[in-house]
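*Asks:* Sharing a sequence plus its predicted fold:
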Number of protein chains: 2
Amino acid sequence: MNFKIFINKYLKIYSNLVTISTFLFKGFFVIKKIAINAKSASRELAIKTTSEKNAVLRLMAKNISASYKTIIKQNKIDLLNAKKAGLSNALTDRLLLNQERIEKIAEGVFQVSKLPDPVGEIIHQWKRPNGLQIKQIRVPIGLIGMIYESRPNVTADASSLCLKSGNACILRGGKEALHSNLAIIKILQSSLKQKNFPVECISFINNVDRKLVDEMLSLNGIIDVIIPRGGKGLVKKIMEASKIPVIKHYDGNCHIYVDQYADLKKALRICLNAKVQKPGVCNAAETFLVHEKVAKQFLPILIKELKQNQVLVKGCAKTLKLCDTQKASELDWFEEYLDLIVAIKIVSSIDEAISHINHYGSMHTESIISKNKACIKKFEKGIDSAVVLSNASTRFNDGFEFGFGAEIGISTDKLHARGPVGLRELTTYKYLIKGNGQIRT
Amino acid sequence: MNFKIFINKYLKIYSNLVTISTFLFKGFFVIKKIAINAKSASRELAIKTTSEKNAVLRLMAKNISASYKTIIKQNKIDLLNAKKAGLSNALTDRLLLNQERIEKIAEGVFQVSKLPDPVGEIIHQWKRPNGLQIKQIRVPIGLIGMIYESRPNVTADASSLCLKSGNACILRGGKEALHSNLAIIKILQSSLKQKNFPVECISFINNVDRKLVDEMLSLNGIIDVIIPRGGKGLVKKIMEASKIPVIKHYDGNCHIYVDQYADLKKALRICLNAKVQKPGVCNAAETFLVHEKVAKQFLPILIKELKQNQVLVKGCAKTLKLCDTQKASELDWFEEYLDLIVAIKIVSSIDEAISHINHYGSMHTESIISKNKACIKKFEKGIDSAVVLSNASTRFNDGFEFGFGAEIGISTDKLHARGPVGLRELTTYKYLIKGNGQIRT
């Protein structure tokens, strides 16, 4: 009996060791190999012309459109697995592809082919007294690692934006969308092949083991940047584990400050739009700050309208005296609700509003509603956010609304890219210096 | 006896626990508190005008100059400690401050006051069809953490560059220079005070416990970027430990490719300059790649001159057949010698040169010597380095040589800043959007 237990135990340890070492020696090297090949492809891609890249993008769009039946077939497997796993309706809907949605994906890829190519753009150029001519030009970053969740459209969106900006990418999608992603990837890669681009320009990790993400995040020096796309949980994990620089789309605790000099009719319209039009997105407003001089006039009307739009209102102590709302706690000021909930605070000055935002905000998007130019200027200078608006809805912090065309996300970082991340933000620069024999003395 | 041992052991454990908890609860919170105060100062600094900042810088320069005796007195303590610790002559010389060197430091600070202020610069501006006016403007990054080694001049250099670009900084210098650094910091902070700037704009960590560096590197969200300045060992450690984005000045394995269409007279002059003029710096050349069609004519002359300049030459197998040199190993191609040593390889094509550089190089600075425009273009496109020169010495990758004035380092990163990091690279941007009541539909 004892002997049997011993043998069983031994076998269990042994099999664990085999699993671990298989992973270590196979899994790791597989990812590294994929990344090295993708990096090598990135160098070929970097020197392709705009028209060569556009031709591939147009072909991809056409092929996605034409292959909708194949994609839907693979998508059905994912949907079936989702059902078995008991995925929520919202998540299942994110996963779902039908002909209309696939057409939209194809259209997105086609639109990217029409955007201006940032690669090669001269940012600055000047001549030095010693005759050296210095040019700062835009170049692709190199190899971009994308880690994302269940929406399969990201596979095509991210691939097309990376390709247009001359970057190879290595994609790791969520396990829920594996079959849909693989179907899309197959089409993208065969389009690359048809146009004589290395297929490794768009590389995909088809093993959904979470540990492979950690291996991917350790490939500093091969992968140049990681862009996570998904919920806060995913982004936080990646931030903490990554040895590679991350451009992240983190949280949007956005504010609207209704100044004492506000046009209250505009303020009402903008507050409602920023909260109600699409509450689940990062540029929706989460807190309204209202100057005490207009609070008595403004808040009852605003709160009535909010309630009519099914918004749950949480007010500060002063607000509670004016209107019937729930009480906001200290934690509410930090909250990104992403829902039909809003916190409201009455402030006694613009300075209090600025301090509140810089303390509790996530430095994403804030708007001031005011007719006073000095107040607007003060707000613009004092607020340390990616996008500062005046007299417009926070919902305008968006690549399409900026005129960038598609975007890969909205960066909450301060370095490299801030706000909407479009094609230009997917590039870096290098300096080209032309001399005539100059040496340093 | 046993009891005594027990008590001693107990006391030892107890005292260790006290030390650890004192550090954890005091050390950590001290750094965090310094950083929070510095961050708050950064918001006041961000809205100071150019002339206000310049006035402080001029006063700092004046005060450094005037206080040279105090600085020298404190520097002598550091020199004495260095002697006791048996520091090498080279390191001791880095530490040494005399009146002339202090005058140079003051002059450096004064020069920063004369550089153009990047803050507020409009990078792009455009109008959207819906009437929104979008402006992308330069703003300070916020709070910059500098971690550096024994040169006390960095204290003044970094502080003045951060101040001019509107950033607060939190400095952590090497323990060898502690007294000199503190003397300089005192002068800088009293100058801030005299001009009504918060002294926390330039914060200094005077506790040299290495663990405090780890604590500093964990303050993601308070400190916006870390800039290490020092040897590769220091930079590597910081890269690995930091939870904050790092702009790093890492290694410079720079190449010169002498093309088959090179003006060999110029090639000779440039190769010698790039290797010999200042071999210990990052933009000195470490490997020469020579096209086989000119190798026979060029290499004997080059190698003779190199040897006359005390350079140790390591050649590839083909080079060995032409000249008497040591044999280069595979590892030599990766090496940043920072010394009078050079590796030489004969290549059979420009493509081989490009592949070699992209494989072995550190993507810092490379130069092609050629009269052929197509070859220059191919090299410029194919090389993935921060600075690509033609017909000039690699030594020109430098903030002063670019006309940036002072620089805080030369970035080997691809994101945010690449190549010389001057005032502009110490800024980020934000978007200001002016509307007239626009909402999203």
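*Replies:* Right, received. Where do you want to start?
*Asks:* Low-confidence stretches in the stretch 51-200 of chain A?
*Replies:* In the predicted model of the stretch 51-200 of chain A, no residue satisfies pLDDT under 70.
*Asks:* repeat that for 90
*Replies:* For the stretch 51-200 of chain A, the stretches with pLDDT under 90 are A:87-91, A:94, A:149-151.
*Asks:* near chain B, which residues of it?
*Replies:* A:126, A:128, A:132, A:134, A:139, A:141-142 (C-beta under 8 Å from any C-beta of the partner chain). C-beta: built from backbone N, CA, C; applies to glycine.
*Asks:* Any of those residues buried? List them.
*Replies:* For these, a burial check counting by 16 or more other C-beta atoms under 10 Å in any protein chain shown picks out A:132, A:134, A:139, A:141-142.
*Asks:* give the contact list for the closest residue to A:L96 other than its chain neighbours.
*Replies:* Nearest in space to A:L96, with sequence neighbours left out and distances taken as C-beta to C-beta, 6 or more residues apart in numbering or on different chains, is A:L79 at 6.5 Å. Contacts for A:L79 (C-beta atoms under 8 Å, 6 or more residues apart in numbering or on different chains) come out as A:92, A:95-96.
*Asks:* What's the separation between A:L79 and chain B?
*Replies:* As judged by C-beta to the nearest C-beta, to the nearest Å, A:L79 and chain B stand 31 Å apart.
*Asks:* Given the longest strand along chain A, what are its sheet partners and their directions?
*Replies:* In chain A, with assignment by DSSP state E, the single longest strand is strand A:427-438. Strand A:427-438 has these partner strands in its sheet, going by DSSP bridges: strand A:133-140 (antiparallel), strand B:387-392 (parallel).
*Asks:* nearest to A:A295, of those?
*Replies:* A:A295 lies closest to strand A:133-140 among the strands paired with strand A:427-438, at 48.0 Å (C-beta to C-beta).
*Asks:* Flag every buried residue along the closest one.
*Replies:* For strand A:133-140, by 16+ other C-beta under 10 Å, it's A:134-140.
*Asks:* Kindly report the same for stretch A:74-91.
*Replies:* A:74-75, A:78-79, A:81-82, A:87, A:91.
*Asks:* State the distance from A:T412 to B:A35.
*Replies:* Applying C-beta to C-beta, to the nearest Å, the value for A:T412 to B:A35 is 19 Å.
*Asks:* how many neighbours does A:H124 have?
*Replies:* Neighbours of A:H124 under the rule other C-beta atoms under 10 Å in any protein chain shown: 11.
*Asks:* The helix or strand that contains A:A41 near chain B anywhere?
*Replies:* When secondary structure is defined by DSSP states H and E, A:A41 falls within helix A:28-46. Yes. Residues of helix A:28-46 contacting chain B under C-beta under 8 Å from any C-beta: A:43, A:46.
*Asks:* May I see the buried residues of the following helix or strand past that helix?
*Replies:* Under the assignment DSSP H and E, the closest C-terminal helix or strand after helix A:28-46 is helix A:50-66. Going by neighbour count (16+ other C-beta under 10 Å), the buried part of helix A:50-66 is A:53-61, A:63-65.
*Asks:* Off-centre distance for helix A:50-66?
*Replies:* Taking C-alpha atoms, centre = their mean, to the nearest Å, one finds helix A:50-66 lying 24 Å from the centre of the chain it belongs to.
*Asks:* Quick check: the residue nearest to the spatial centre of chain A vs A:G315, distance?
*Replies:* Nearest to the mean C-alpha position of chain A, by C-alpha atoms, centre = their mean, lies A:G409 at 2.7 Å. Distance of A:G409 to A:G315, computed by C-beta to C-beta: 33 Å.
*Asks:* Could you do A:T427 as well?
*Replies:* Taking C-beta to C-beta, one finds A:T427 at 45 Å from A:G315.
*Asks:* How about A:G173?
*Replies:* From A:G173 over to A:G315 (counting by C-beta to C-beta), the distance is 42 Å.
*Asks:* Could you check which of the two is surrounded by more residues?
*Replies:* Neighbours were counted for A:G173 and for A:G315 using other C-beta under 10 Å; A:G173 has more, 28 against 24.
*Asks:* ok, the more buried one touching A:D157?
*Replies:* No. Contact criterion C-beta atoms under 8 Å: A:G173 and A:D157 do not qualify, at 11.6 Å.
*Asks:* pretty sure A:A285 contacts A:K275?
*Replies:* Yes. Using C-beta under 8 Å, A:A285 is in contact with A:K275, at 5.2 Å.
*Asks:* the more surrounded of the two?
*Replies:* Each of A:A285 and A:K275 has its neighbours counted (other C-beta under 10 Å); A:K275 has more, 30 against 27.
*Asks:* Counting by contacts, list what the helix or strand containing the more buried one packs against.
*Replies:* Assigned by DSSP H and E, A:K275 belongs to helix A:264-276. Contacting helix A:264-276 under the criterion 3 or more C-beta pairs under 8 Å, 6 or more residues apart in numbering or on different chains; DSSP states H and E are the following elements: strand A:254-258, strand A:285-291, helix A:292-308, strand A:365-369, strand A:387-392, strand B:427-438.
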